[in-house]
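In: I would like the atomic coordinates for the input below:
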Amino acid sequence: MHYRSTRNSSLSIPFSEVLLGSLASDGGLYMPEKTPHFDLERINTFETLTYQQLTTELLFPFVSEELRIEDFENIVNSSYQVFENEEVVRLIKLKEQRWILELFHGPTLAFKDIAMQLLGTLLEHFAQKESKKIAVLGATSGDTGSAAIAAFSRHKNVEVFILFPYQRVTDVQRLQMTTSQASNVHPLSVQTDFDGCQALVKELFLDINISSNPTRFIAVNSINWTRCMAQSVYYFWTYLRLKEQLKGLTFSVPSGNFGHAYAGWLAKEMGLPIKKIIVATNSNDVLHRLFSNNSYKKGEVSQTLAPSMDISVASNFERLLFEIYKNNSQLLNQTMSTFPQKEIAFPENGWNKVHNFFSSFSTNDEEILKEIKATYKNHNYILDPHTATGIRATRKLSTPGQSVITMATAHPAKFMDTIRQALSEEVVSIPDQLASIIDKEEDFVVLPDNIDKVREYILSSVG
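Out: Numbering: from 1, shown residues only. Just a heads-up that it's a prediction; the model follows:
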């Protein structure tokens with residue numbers, strides 16, 4: 001299978017170039033030329049597969065031109081050895097027709113580990129064929145950075161540069177990025193918000209000084225296609241575990257950059273019978289405004305109790321828009337060229353398709369705290385603040401008897417200040433992964449929101 005840019009359909013490159021690349025040279029995102037499709041009869045035959053086996057079956061078509069299935073199977077198995085749960089993810093039943101899918105059983109206790117570990121192992125495989133030194137470059141609003149560091153710091157000849165917003169991540173999230181004590185890890189605290197960090201990363205990938213450097217720079221944000229395809233798997237896994245109990249199939253997904261929710265759309269396009277995805281946001285509601293009012297417009301970012309969703313530009317929206325435009329890259333390019341100065345709306349025929357599949361709900365900080373408190377009282381289950389937005393969206397938008405699975409995106413111990421605020425007691429035990437970093441020495445640099453300063457630091461570090 002080959003891949004093309006959302007802004008240039010004539011471009012055609014293999015998976016390895018997508019993996020080892022970033023943005024396309026035109027600024028677009030890579031998409032497969034054809035999405036593999038599984039009919040329901042075949043999907044149902046996957047019922048007895050482990051998570052690793054299911055990943056191999058579903059994702060091999062995306063890489064089959066360059067990998068033997070035996071090699072891909074080994075890559076998948078290696079990726080998920082570091083998860084504490086043998087099945088990688090875990091389903092928890094809250095009440096009748098309501099489940100939580102725990103996605104935080106990886107090394108950094110966040111859902112980002114699921115895609116990042118696979119990305120890291122794939123990179124190691126293909127990088128062995130490259131003579132160039134490799135640098136991983138990404139922006140994070142909290143969890144992506146630590147997941148990238150956990151996935152890449154152990155690999156040889158890889159430098160890791162993670163930009164995170166200065167004083168806008170939790171203490172635990174910062175410590176997970178700044179205490180690795182690995183010489184090839186470079187956490188950069190930039191004096192801006194996440195959108196500013198993300199804009200710098202995109203600008204760097206289009207910078208001639210970066211693209212012409214002997215070191216090959218690779219994106220680890222959800223703009224990297226590998227992350228999207230990897231996240232589609234747990235939608236299938238959930239269906240296969242619950243299919244005899246389901247009354248429809250709806251997922252409630254806390255989402256900021258839209259990669260997590262877009263993976264659900266991808267799963268639907270691959271054949272999974274998803275009825276609806278509820279997109280849950282915090283008060284930074286760019287996606288809620290999009291799916292409720294058909295208006296994609298950049299706004300101001302406010303700091304919230306759910307920092308991983310403090311975003312006003314959702315990069316993966318471009319992938320959905322490209323598909324709604326029926327893969328018309330010229331039209332997509334014209335539309336994106338005027339954003340954010342001009343807001344974007346889906347065309348009328350495409351809006352109906354989008355609106356029938358996606359609904360959305362926004363939750364502010366006060367409501368997050370109330371949801372954490374109510375869920376603990378009613379179900380003896382502790383939510384992290386991001387998952388709380390998903391549970392509240394489920395409660396507000398679903399009907400009695402409707403089957404809804406809410407994605408739990410992070411372990412609550414990563415947000416202890418919020419948990420204490422909501423519950424006023426020590427109810428969360430601190431996992432070993434977090435207890436071990438509390439007293440470690442931090443190592444990071446603070447940089448201004450300036451492309452020249454950031455580029456200078458990165459290039460001086462790669463040599």
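In: got a pLDDT number for residue 6?
Out: In this model, residue 6 is scored at 97, pLDDT.
In: what does residue 334 give?
Out: 96.
In: residues near it, how many?
Out: Taking other Cβ atoms under 10 Å as the criterion, the count of residues near residue 334 is 11. Any C-beta I mention is one placed from the backbone N, CA and C, and that applies to glycine too.
In: quick one: it from residue 353, how far?
Out: Between residue 334 and residue 353 the distance is 21 Å, computed by Cβ to Cβ, to the nearest Å.
In: The stretch 351-463 of the chain: strands as residue ranges?
Out: Listed from the start of the chain, the stretch 351-463 of the chain has strands (DSSP state E, counting those that start in this stretch) covering 358-362, 404-408, 445-447.
In: So for residue 103, which of the ones you listed sits nearest?
Out: Nearest to residue 103 among these is strand 404-408 (6.1 Å), distances taken as Cβ to Cβ.
In: in stretch 64-74, what's buried?
Out: 66-67, 72-73 (16 or more other Cβ atoms under 10 Å).
In: thinking again about what came up before, how about the strands of the stretch 351-463 of the chain in JSON lines, adding mean neighbour count, mean pLDDT and distance to residue 138?
Out: Putting the strands of the stretch 351-463 of the chain into JSON lines (neighbours: other Cβ atoms under 10 Å; pLDDT from 0 to 100; distance: least, Cβ to Cβ, whole Å) gives the following:
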{"stretch": "strand 358-362", "mean neighbour count": "21", "mean pLDDT": "98", "distance to residue 138": "26"}
{"stretch": "strand 404-408", "mean neighbour count": "27", "mean pLDDT": "98", "distance to residue 138": "21"}
{"stretch": "strand 445-447", "mean neighbour count": "14", "mean pLDDT": "97", "distance to residue 138": "15"}
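In: I'd like these laid out as JSON lines, including distance to residue 347.
Out: Formatted as JSON lines, the strands of the stretch 351-463 of the chain follow (distance: least, Cβ to Cβ, whole Å):
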{"stretch": "strand 358-362", "distance to residue 347": "16"}
{"stretch": "strand 404-408", "distance to residue 347": "29"}
{"stretch": "strand 445-447", "distance to residue 347": "41"}
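In: Which one, of these, ends up nearest to residue 308?
Out: Closest approach to residue 308 among the strands of the stretch 351-463 of the chain is made by strand 404-408 (12.5 Å; Cβ to Cβ).
In: so where's the chain shaky on pLDDT?
Out: Per-residue confidence for the chain (pLDDT under 70) gives these ranges: 130-131, 156.
In: need the contact list for the nearest residue to residue 77 once chain neighbours are set aside.
Out: With Cβ to Cβ, 6 or more residues apart in numbering as the criterion, residue 77 has its nearest non-adjacent residue at 5.4 Å, and that residue is residue 52. Residue 52 makes contact with 73, 76-77, 80, 88 under the criterion Cβ atoms under 8 Å, 6 or more residues apart in numbering.
In: Among these, name the buried ones.
Out: Burial by neighbour count, 16+ other Cβ under 10 Å: within the contacts of residue 52 this picks out 73, 76, 80, 88.
In: ok but the third one is inside a strand, no?
Out: No: under the criterion used here (DSSP: H, G, I helix; E, B strand; the rest coil), residue 80 is helix, not part of a strand.
In: what separates it from residue 450, distance-wise?
Out: Residue 80 sits 39 Å away from residue 450, going by Cβ to Cβ.
In: Then the last one?
Out: In this structure, residue 88 lies at 40 Å from residue 450, with Cβ to Cβ as the measure.
In: Just the CA coordinates for stretch 63-77, please, in CSV.
Out: Provided in CSV are the C-alpha atoms of stretch 63-77 (Å, rounded to 0.1, in the frame of the first residue of the first chain):
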residue,chain,number,x,y,z
VAL,A,63,2.5,-2.3,5.8
SER,A,64,2.4,-5.5,3.7
GLU,A,65,4.4,-4.1,0.7
GLU,A,66,7.5,-3.8,2.9
LEU,A,67,7.2,-6.3,5.7
ARG,A,68,6.6,-10.0,5.9
ILE,A,69,3.7,-10.9,8.1
GLU,A,70,6.1,-12.9,10.4
ASP,A,71,8.3,-9.8,10.9
PHE,A,72,5.2,-7.6,11.6
GLU,A,73,3.9,-10.1,14.1
ASN,A,74,7.3,-10.0,15.9
ILE,A,75,7.2,-6.2,15.9
VAL,A,76,3.7,-6.1,17.4
ASN,A,77,4.6,-8.7,20.1
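In: All the helices of the stretch 351-463 of the chain, in order from the start?
Out: Assignment of helices within the stretch 351-463 of the chain using DSSP state H, counting those that start in this stretch yields the ranges 365-379, 385-397, 416-423, 432-435, 451-462.
In: And for the stretch 1-150 of the chain?
Out: Remark: helices assigned in the stretch 1-150 of the chain by DSSP H, counting those that start in this stretch are 15-19, 40-44, 51-63, 69-79, 112-127, 143-152.
In: isn't residue 113 right up against residue 107?
Out: Yes: taking contact to mean Cβ atoms under 8 Å, the distance of 5.9 Å between residue 113 and residue 107 places them in contact.
In: When those two are compared, which one has more neighbours?
Out: Using other Cβ under 10 Å, the more surrounded residue of residue 113 and residue 107 is residue 113, with 27 against 18.
In: Please list all residues in contact with that one.
Out: Listed by Cβ under 8 Å, 6+ apart, the contact set of residue 113 reads 82-83, 104, 106-107, 147, 150-151.
In: for the residue nearest to residue 405 when sequence neighbours are not counted, what are its contacts?
Out: On the basis of Cβ to Cβ, 6+ apart, the spatially nearest residue to residue 405 that is not a chain neighbour turns out to be residue 99, at 4.7 Å. Listed by Cβ under 8 Å, 6+ apart, the contact set of residue 99 reads 91-93, 238, 242, 404-406.
In: residue contacts, residue 228?
Out: Taking Cβ under 8 Å, 6+ apart as the criterion, residue 228 is in contact with 115, 222, 259, 262-263, 266, 316, 319.
In: do that again at 6 Å, thanks
Out: The neighbourhood of residue 228, defined by Cβ atoms under 6 Å, 6 or more residues apart in numbering, consists of 259, 263.
In: now do residue 262
Out: For residue 262, the contact set (Cβ under 6 Å, 6+ apart) comprises 316, 319.
In: Surely it is in a strand?
Out: No: the assignment for residue 262, made by three-state DSSP, is helix rather than a strand.
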